[in-house]
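[1] below is the sequence, then the predicted model.
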Amino acid sequence: MILKLASVVGSAGLAIAFSICSAQVRANDGTLGEVVNNQLVPLGVTQLGMAGPHGGSIRQCNGVQLETLVTQAGIQLFVYDRSGQPVVVNQGRGAVSLRVAGNAKRYRYELLPSGTGTLTAPVNLSKLAGRQVELDGRLIGIPGAKGQVPFRDVAGIPPSEMQLAAAAIARQKICPVSGKPLGSMGQSVAVEVSGEKVYVCCVSCAESVNADPGKYASGRPEITVSAATAADASLIASQGTCPVMDEPLGSMGQPIKVTVGTKPVFLCCKGCIKKIKSDPAKYLAMVYGDGSSQANSGQVASSVVPAGTEQVRPGVFKVTAADAPFIAAQKICPVMEEPLDAMGGPHKVNAAGKAIYICCPGCAKRISAEPQKYLNMLTKQGVQPPTIQSSKALAVVPAGTDQVRAGVFKVSAADAPFIAAQKICPVMEEPLDAMGGPHKVNAAGRAIYICCPGCAKSIAADPHKYLAILVKRGVQAPAIQTPAALAVVPAGTEEVRAGVFKVTAADSPYIQAQKICPVMEEPLDAMGGPFKVNAAGKAIYICCPGCAKKIVAKPQQYLEALSKKGVEAPMLR
């Protein structure tokens, strides 16, 4: 007999697994399966049935219905007859092994009669709250079943109240009354508003929410906008620069005052207002810092670490002194659930641009396969992984001139170090020289090397997918140097400020093509523009001079943003 389980969440917050009981048979072609409604269903295919009395899905088979519940208090099995009436199981028993997903160790528990007609393993699983577990067991003595009943499944154990609260606080980030980071005044306080919990920084703010719950029901602080006045002069002088544009306050006219809760933030221009409204916590932290919050949560002020340089294996790096505070904050490997130093670690891997620390190199494969899954796990634990910042300027290779076919180029000596670094074709997963290669293709302005011309079509259809595959392997695709034959505009001669130029008639077609400032996401003429800046030898048009600083700091980022929109920035002559 076979018992199969699948997980759902019950109304009481329990992890529910449903059971399927069926006879195991083998078809003429050798397929092992189970007979359901006179049809052979291959093993491993979950069959959904009606809802069981305890919220799980249930199916009748061979005169027996079985429902299984997995909770923080243990594992419990209920048996029913064909009509759905409870069957008292006083003689049945069994055993189940439990393994935490990603961990090789198994824990074995006996399933014994509970005295209430069920089989149960009363074990404390609260330490596994929020985790997935794999179950593998056998039952005997089940009324209506013939012989042993094996079962296996993967179930999720519901998160604890503490985990749910930590995740909610991480999402909300700031107090809707004061605008201060949650945790900056000690433990956050939960206030129930219309059946939902809103978190505030202190008891005083909780009283404000209770006095006017409708005002704070969204969990977001009230944001008001006004012009700065003479009374704000000392605050403007103290703040100094706009947190959005990093421009001196007053450099673009009278500063704009945005009050988040009770916290004023001054901006250089009205174009910055939507940025602070979209992520007030980010800009409040930039202006006021979050030192006290970090002290309480274990986080650190800097959120950027350098990319590793010493590889243990491809994509797995030794850590440095700069990683120490983030290792101390993370503590546990999210794959193995072991201390980071338990198995020769910690080591560092790149998870979608963020640093995750692991206990051994073997964990890197799981994180590379599902980086967002593990980033989300850390977020639920109150850990914010730092961003990985490359210490090297983006490498550049010349565009190919000798085409094998349209868009596929022969490589040159300049490509050799990047071919050696990439090694494998991301489409066919074969060595680059396995099928007549390597060849070079342009993937959103970056060079990807392929094993044969046929792979070019896949990369052209989804270049960012294959660039992401390379990033997960620790490979940084070099930028392709645009050939002189492409569009060219003259470098500006009349500066508005250092590095920011007035445009000329020659720029008109490219301004019309670009339309939107890539920094502020506003029309190019919205704030006195357009103006022209040099971005790694290409012209990017901006809506105001203040945007130039961000483009100069990260030209490739903004060139790629334009490329994704189908805009190719012209070369500067």
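    The structure has been received and is ready for your questions.
[2] who's the closest residue to residue 507 other than its chain neighbours bridged to?
    With CB to CB, 6 or more residues apart in numbering as the criterion, residue 507 has its nearest non-adjacent residue at 5.6 Å, and that residue is residue 489. Quick note: C-beta positions are derived from backbone N, CA and C, even for glycine. Beta bridges link residue 489 to residue 572 when assigned by DSSP bridges.
[3] if I pick residue 489, what's in contact with it?
    Contacts for residue 489 were tallied using CB atoms under 8 Å, 6 or more residues apart in numbering; they are 506, 507, 510, 532, 539, 570, 571, 572, 573.
[4] and residue 364, helix, strand or coil?
    helix (DSSP: H, G, I helix; E, B strand; the rest coil).
[5] can you get me a residue count around it?
    Neighbourhood size, residue 364 [other CB atoms under 10 Å]: 26.
[6] I'd assumed residue 349 was in contact with it.
    Yes: Residue 364 sits in contact with residue 349 when judged by CB atoms under 8 Å, with a separation of 4.8 Å.
[7] common neighbours of those two, please.
    In contact with both residue 364 and residue 349: 315, 316, 358, using CB under 8 Å, 6+ apart.
[8] I'd like those as TSV, with neighbour count, secondary structure and distance to residue 124 appended.
    Compiled in TSV, the shared contacts of residue 364 and residue 349 are given as follows (neighbours: other CB atoms under 10 Å; DSSP: H, G, I helix; E, B strand; the rest coil; distance: CB to CB, whole Å):
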residue	neighbour count	secondary structure	distance to residue 124
315	21	coil	38
316	23	strand	35
358	26	strand	28
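[9] could these go into TSV alongside pLDDT and distance to residue 547?
    Formatted as TSV, the entries for those read as follows, by pLDDT from 0 to 100; distance: CB to CB, whole Å:
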residue	pLDDT	distance to residue 547
315	79	35
316	87	38
358	93	39
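[10] what is the nearest of the residues you listed to residue 91?
    Within those, distances to residue 91 taken as CB to CB reach their minimum at residue 358, with 47.3 Å.
[11] quick check: bridge partners of that closest one?
    The bridge-partner assignment for residue 358, based on DSSP bridges, gives residue 347.
[12] ok, it - contacts?
    Residue 358 is in contact with 316, 333-336, 340, 345-349, 364, 367, counting by CB under 8 Å, 6+ apart.
[13] could you do residue 311 as well?
    Neighbouring residues of residue 311 by CB under 8 Å, 6+ apart: 317, 318, 474.
[14] what about burial for these, which qualify?
    Among the contacts of residue 311, those buried by neighbour count (16 or more other CB atoms under 10 Å) are 317, 474.
[15] narrow the contacts of residue 311 to those in strands?
    When DSSP state E is applied, the contacts of residue 311 are split such that 317, 318 fall in strands.
[16] now render the contacts of residue 311 as TSV, adding pLDDT and distance to residue 127.
    As requested, the contacts of residue 311 are arranged in TSV below (pLDDT from 0 to 100; distance: CB to CB, whole Å):
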residue	pLDDT	distance to residue 127
317	87	31
318	87	31
474	79	34
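[17] ok, the contacts of residue 311 vs residue 170, which is closest?
    Each of these was scored against residue 170 by CB to CB, and residue 317 proved nearest at 26.6 Å.
[18] quick one: that closest one and residue 347 touch, right?
    Yes: under the contact definition of CB under 8 Å, residue 317 touches residue 347, with a separation of 6.5 Å.
[19] name the residues of stretch 200-216 that come out as buried.
    By 16+ other CB under 10 Å, the buried positions in stretch 200-216 come out as 200, 201, 202, 205, 206, 208, 209, 216.
[20] out of those residues, who's nearest residue 115?
    Closest to residue 115 out of the buried residues of stretch 200-216 is residue 206 (45.1 Å), distances taken as CB to CB.
[21] roughly how far is stretch 136-156 from the heart of the chain?
    From the chain centre to the centre of stretch 136-156 is a distance of 37 Å (CA atoms, centre = their mean, to the nearest Å).
[22] er, stretch 361-375 I mean
    11 Å.
[23] tell me the buried residues in it?
    For stretch 361-375, burial by neighbour count (16+ other CB under 10 Å) applies to 361, 363, 364, 366, 367, 368, 371, 374, 375.
[24] residues contacting that stretch, please?
    In contact with stretch 361-375 (CB under 8 Å, 6+ apart) are residues 102, 312-313, 315-316, 333-336, 347, 349, 351-352, 354, 356, 358, 385, 472-473.
[25] among those residues, which lie within helices?
    Residues from those lying in helices, with DSSP state H as the criterion: residue 472.
[26] check which element follows the lengthiest helix in the chain along the chain.
    Scanning the chain for the helix with the most residues, using DSSP H, yields helix 161-172. Following the chain from helix 161-172 toward its C-terminal end, the next helix or strand by DSSP states H and E is strand 189-193.
[27] by how many degrees do the helix or strand following that next one and helix 161-172 diverge?
    Beyond strand 189-193 in the direction of the C-terminus, DSSP H and E gives the next helix or strand as strand 196-200. Relative orientation of strand 196-200 and helix 161-172, computed by axes from the mean of the first three to the mean of the last three CA atoms, to 10 degrees: 70 degrees.
[28] now do strand 196-200: which elements does it pack against?
    When contacts are defined as 3 or more CB pairs under 8 Å, 6 or more residues apart in numbering; DSSP states H and E, strand 196-200 packs onto helix 161-172, strand 189-193, helix 203-211.
[29] for the stretch 451-573 of the chain, give me the ranges with low pLDDT.
    Scanning the stretch 451-573 of the chain for pLDDT under 70 picks out 482-487.
[30] which parts of it are strands?
    479-481, 488-489, 495-497, 500-502, 531-535, 538-542, 571-572 (DSSP state E, counting those that start in this stretch).
[31] and the last one, how far out from the chain's middle?
    When you say that, I think you mean strand 571-572. For strand 571-572, the separation from the chain centroid amounts to 36 Å (computed by CA atoms, centre = their mean).
[32] with adjacent residues omitted, what lies nearest to residue 458?
    Using CB to CB, 6+ apart and skipping the chain neighbours, the partner closest in space to residue 458 is residue 427 (4.8 Å).
[33] wait, I meant residue 547
    Here the nearest residue to residue 547 in space, its sequence neighbours aside, is residue 519; by CB to CB, 6+ apart that works out to 3.9 Å.
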